[in-house]
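S.K.: fold the following for me, if possible:
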Amino acid sequence: MTATLDQSSPARTLVEGWLQRFDQALTAGDARAAADLFADDCYWRDLISFTWNIKTMEGRDAIAAMLEATLDHVRPGNWTITEGEEPAGADGVTEAWIEFETAVGRGRGQLRLKGDGDDARAWTLLTTLYELKGHEEPARGRRPMGAEHGANRERETWAEKRDREARELGYAKQPDVLIIGGGQGGVALGARLRQLGVPTIIVDKHPRPGDQWRNRYKSLCLHDPVWYDHLPYIKFPENWPVFAPKDKIADWLESYARIMELNYWSSTEAKSATYDEATGEWTVTVEREGQPVVLRPKQLVFATGMSGKANLPNFPGMDTFRGDQHHSSAHPGPDAYQGKKCVVVGSNNSAFDICGALWENGADVTMVQRSSTHIVRSDSLMEIGLGALYSEEAVASGMTTEKADLTFASLPYRILHEFQIPAYEAMAERDRDFYLRLEKSGFLHDWGDDGSGLFMKYLRRGSGYYIDVGAADLVANGDVKLVRGQVDHLTENSVVLEDGTELEADLVVYATGYGSMNGWVADLISPEAADQLGKVWGLGSDTTKDPGPWEGEQRNMWKPTQVPALWMHGGNLHQSRHYSLYLALQLKARSVGIPTPVYGLQEVHHTK
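M.R.: Coordinates of the predicted model:
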């Protein structure tokens, strides 16, 4: 039941009254009565606390159906307003941070109400599980002692324990979880699992943690600001650059893996994987520093980013081209191309970054734009798009990273674009002169299918945008030449477009994006398993490159899939940080035998 105060603000009184009625309906097992406390237009987004899934229920009927299926085993209660977080109302909406418990864990969330008094109805509800009862992380008052006081002839030092664990895990003892991919997603999840006591191995083909960043083109920097990019447990220092260079991020990831005591197998490549439903375990063959090792984890996680394998086109004549050619993921940087004629096929983030670096190094650069791109200037994105949640001003106002993450998560994807459109309209007005110059250059620009800009493009398709840190001005000014059209073929020394335009080239960079993550599954497990999984990423918004039907969550990310004991994890640094918690709790629950009945397992669409 909710706690009450003798003197409450109107907003607090309103929220407490709603929580009390909600708690009474749930305790009585009356799913319909609980659903009737929601508005006609309503959304309940649950991150594993009720559904053991990442799922949004849209409308009262969907909420009632979920509760009918879950109340008996979830047994929620103790709904309260979070201590120190006073509810507030504006524009007819009352917002409150809340906490609750389930039979197996503790949760927190965010509630938005419309209306007054007993007529108040929930518009949006976010519920998240943040810890499991009896399996709390060893933090704060539960932190380990570290030192072993007293005299003990059998004493084993910390270093000796770590060395023994490293020798045994994967050989004498098997991991519960195997993570394939040791970038930011892999280490974030590995750190969460480490704190939860789940034996885990991370494998990565590179020699050192961070090489995923270290080996990219030398001008690469994060386009997201530092406040958006913290890893779990260890935030970047307060003097960390706003936009971290790739090598700085690489060194941070390497240090993080060591400090967080991760069992990180570098120079290790996964070769094959099969799942035995009878034994409930995977058989995964890896090659570690040239030696085969067979691992038998219970759970297998692909932490290979949000993208699959590089999309390398197959244009006629590529085999006869005499210059250098490679995908953007293999671009070494501009040093070898001073004074050379360089053609970059593509017009999104990597294409602009590479064009800018080549131009700065004295190359003759041409960008080939094949389809429209959304561009937003970095300073405008930071101020208008991110400033309220992820900025120095937000920190000063009391906005923590965790609170910012939950705030962003509390907006259902069905209506998120409605909040994004005004922000991008403001950016368009602020940078009007820039967009006019860009248009005059011939660049084909868009604001997304519905004007909702970068975030929705990212969530829907993971492509089609550029956060401008300067290279767009080079295109607008003509310093980087622009041509529009489709590539027809290559000759020995040129790129030829379908309209006959011929571009002399010493270098061709294919900034042509990536496939779905299920391509990795096809390679490691089987094409049949990839089809059983289905495509990864996208919301089903029925917009460009995000075909329906509507899913309402990122397809197959951070949640159970149709392939038993197979999980997909990744995204940007923010998503790797935030969603690694919920994936880690799902894996921990399975590791210790907590029942995890999944509600609303995602259907499979778009396998090819």
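S.K.: pairing partners for the lengthiest strand in the chain, with directions?
M.R.: Of all the elements of type strand in the chain, the one with the most residues (DSSP state E) is strand 121-132. The strands that strand 121-132 pairs with in its sheet are strand 38-47 (parallel), strand 105-114 (antiparallel) (by DSSP bridges).
S.K.: as CSV, those with mean neighbour count would be great.
M.R.: For the C-beta atoms, the positions are set from N, CA and C on the backbone; glycine is no exception. Written out in CSV, the entries for the strands paired with strand 121-132 read as follows (neighbours: other Cβ atoms under 10 Å):
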stretch, mean neighbour count
strand 38-47, 21
strand 105-114, 22
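S.K.: count residues in the vicinity of residue 379, would you?
M.R.: One way to gauge burial is a neighbour count; for residue 379, by other Cβ atoms under 10 Å, it gives 13.
S.K.: over to the one 3 residues further on?
M.R.: One way to gauge burial is a neighbour count; for residue 382, by other Cβ under 10 Å, it gives 20.
S.K.: what do you get for residue 88?
M.R.: For residue 88, the tally of surrounding residues (other Cβ under 10 Å) stands at 13.
S.K.: which residues touch it?
M.R.: Contacts for residue 88 (Cβ atoms under 8 Å, 6 or more residues apart in numbering) come out as 11, 94, 95, 96.
S.K.: if you set the cut-off to 10 Å instead, what comes out?
M.R.: Contacts of residue 88 were listed using Cβ atoms under 10 Å, 6 or more residues apart in numbering, and they are 9, 11, 12, 15, 94, 95, 96.
S.K.: which among the strands paired with strand 121-132 is found nearest to residue 431?
M.R.: Taking Cβ to Cβ as the criterion, residue 431 comes closest to strand 105-114 out of these, the separation being 31.3 Å.
S.K.: could I get the CA-only coordinates of the helix or strand just after the longest strand of the chain as CSV?
M.R.: Note on strand 121-132: by DSSP states H and E, the next helix or strand toward the C-terminus is helix 158-168. The C-alpha coordinates for helix 158-168 follow below in CSV (Å, rounded to 0.1, in the frame of the first residue of the first chain):
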residue,chain,number,x,y,z
TRP,A,158,43.3,-11.5,-4.5
ALA,A,159,45.7,-11.9,-7.4
GLU,A,160,46.0,-15.7,-6.7
LYS,A,161,42.2,-16.0,-6.8
ARG,A,162,42.0,-14.1,-10.0
ASP,A,163,44.7,-16.2,-11.6
ARG,A,164,43.0,-19.4,-10.5
GLU,A,165,39.7,-18.3,-11.9
ALA,A,166,41.3,-17.3,-15.2
ARG,A,167,42.9,-20.7,-15.5
GLU,A,168,39.9,-22.7,-14.6
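S.K.: for helix 158-168, give the mean pLDDT please.
M.R.: Looking at helix 158-168 alone, the average pLDDT works out to 94.
S.K.: what helices or strands is it leaning on?
M.R.: Secondary structure elements in contact with helix 158-168, counted by 3 or more Cβ pairs under 10 Å, 6 or more residues apart in numbering; DSSP states H and E, are absent; no helix or strand qualifies.
S.K.: how distant is that helix from the center of its chain?
M.R.: Taking the mean of its C-alpha atoms, helix 158-168 sits 32 Å from the chain's own mean (Cα atoms, centre = their mean, to the nearest Å).
S.K.: related to what we said a few turns ago, switch the contacts of residue 88 over to JSON lines; also include neighbour count.
M.R.: Formatted as JSON lines, the contacts of residue 88 follow (neighbours: other Cβ under 10 Å):
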{"residue": "9", "neighbour count": "13"}
{"residue": "11", "neighbour count": "18"}
{"residue": "12", "neighbour count": "18"}
{"residue": "15", "neighbour count": "28"}
{"residue": "94", "neighbour count": "22"}
{"residue": "95", "neighbour count": "19"}
{"residue": "96", "neighbour count": "23"}
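S.K.: where is pLDDT lowest across the residues you listed?
M.R.: For the contacts of residue 88, the minimum pLDDT belongs to residue 9; the value there is 91.
S.K.: what about residue 140, neighbour count?
M.R.: Burial of residue 140 is recorded as 7 neighbouring residues (other Cβ under 10 Å).
S.K.: now the stretch 201-350 of the chain, which segments are flagged as low pLDDT?
M.R.: For the stretch 201-350 of the chain, the stretches flagged by pLDDT under 70 are 306-308.
S.K.: so where do the strands sit in it?
M.R.: Assigned by DSSP state E, counting those that start in this stretch, the stretch 201-350 of the chain shows strands spanning 264-265, 268-276, 281-288, 291-295, 299-302, 324-327, 341-345.
S.K.: for these, which one ends up most surrounded?
M.R.: The highest mean neighbour count among the strands of the stretch 201-350 of the chain belongs to strand 299-302 (a mean of 26), with neighbours defined as mean count of other Cβ atoms under 10 Å.
S.K.: thinking again about what came up before, how far does the longest strand of the chain sit from its chain's centre?
M.R.: Taking Cα atoms, centre = their mean, the mean C-alpha location of strand 121-132 is offset from the chain mean by 19 Å.
S.K.: CA atoms of it as CSV?
M.R.: Only the C-alpha atoms of strand 121-132 are listed here, as CSV (Å, rounded to 0.1, in the frame of the first residue of the first chain):
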residue,chain,number,x,y,z
ARG,A,121,-6.1,8.0,-15.2
ALA,A,122,-2.6,6.7,-16.2
TRP,A,123,-1.4,7.9,-19.6
THR,A,124,2.0,6.2,-19.5
LEU,A,125,3.5,3.8,-17.0
LEU,A,126,7.1,2.5,-17.0
THR,A,127,8.0,-0.4,-14.8
THR,A,128,11.5,-1.8,-14.5
LEU,A,129,13.2,-4.5,-12.3
TYR,A,130,16.5,-3.3,-10.9
GLU,A,131,17.4,-6.1,-8.5
LEU,A,132,16.5,-9.7,-7.5
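S.K.: coming back round to it: what about the contacts of residue 88, which are in strands?
M.R.: 94, 95, 96.
S.K.: what ranges do the strands span in the stretch 351-500 of the chain?
M.R.: With DSSP E, counting those that start in this stretch applied, the stretch 351-500 of the chain shows strands at 364-369, 374-377, 465-468, 481-484, 487-490, 494-497, listed in chain order.
S.K.: so what strands line up beside the last one?
M.R.: Pointing back at strand 494-497 there. Paired neighbours of strand 494-497 in the sheet (DSSP bridges): strand 487-490 (antiparallel), strand 502-504 (antiparallel).
S.K.: looking at the ones you listed, which is closest to residue 589?
M.R.: Among these, the nearest to residue 589 by Cβ to Cβ is strand 487-490 (49.5 Å).
S.K.: now do the buried residues in that closest one.
M.R.: When neighbours are counted by 16 or more other Cβ atoms under 10 Å, the buried residues of strand 487-490 are found to be 487, 488, 490.
S.K.: ok, now stretch 149-169?
M.R.: residue 169.
S.K.: that stretch: how far from the chain's middle?
M.R.: Going by Cα atoms, centre = their mean, where stretch 149-169 is centred and where its chain is centred differ by 36 Å.
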